[in-house]
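J.: A structural model of the following input is requested.
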Amino acid sequence: MPPVVLTPSAYKHGFEFEEALYVMAHPIGQQVIRQTARGTEIAYVGHPYEGSDRKVELLAELLPPGTIKVFHFSDLTDWWRHLWKEEA
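T.: Coordinates of the predicted model:
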């Protein structure tokens, strides 16, 4: 995985760096939000760690040449609930 940076706003809801890595590595669903002048914004939904029942959303920007900047990380809201795919 490329280098990951969490902005202060990503820590606002009390999640940890390792939890962000887990969501991005094990997404239940994800979607490209938009292309920006700097890179690509992506939404991820999933669990913050293995065995968790908590549902979370994470928004990140993929910046060339290979950095991921996480700018939002919170409990799952209705805004991104459509990305949640039922787990097998």
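J.: can you report how many residues neighbour Pro65?
T.: Using other CB atoms under 10 Å, Pro65 has 5 neighbouring residues. Any C-beta I mention is one placed from the backbone N, CA and C, and that applies to glycine too.
J.: okay, it and Val45: tell me how far apart.
T.: 27 Å (CB to CB, to the nearest Å).
J.: residues in contact with the most centrally placed residue in the chain?
T.: The centre of the chain sits closest to Leu58, judged by CA atoms, centre = their mean, with a distance of 2.6 Å. Applying CB atoms under 8 Å, 6 or more residues apart in numbering to Leu58 gives the contacts Ala10, Ala20, Val23, Met24, Ala43, Tyr44, Val45, Gly46, Val70, His72, Phe73.
J.: so where do the strands sit in this structure?
T.: Here the chain has its strands, by DSSP state E, at 4-6, 29-35, 40-46, 56-63, 67-75.
J.: ok, Asp53 - contacts?
T.: Taking CB under 8 Å, 6+ apart as the test, what Asp53 contacts is His47.
J.: beta partners of the closest residue in space to Tyr11 that isn't next to it in sequence?
T.: Nearest residue to Tyr11, sequence neighbours excluded (CB to CB, 6 or more residues apart in numbering): Phe73, at 7.5 Å. Bridge pairing for Phe73 (DSSP bridges) gives the partners Leu58.
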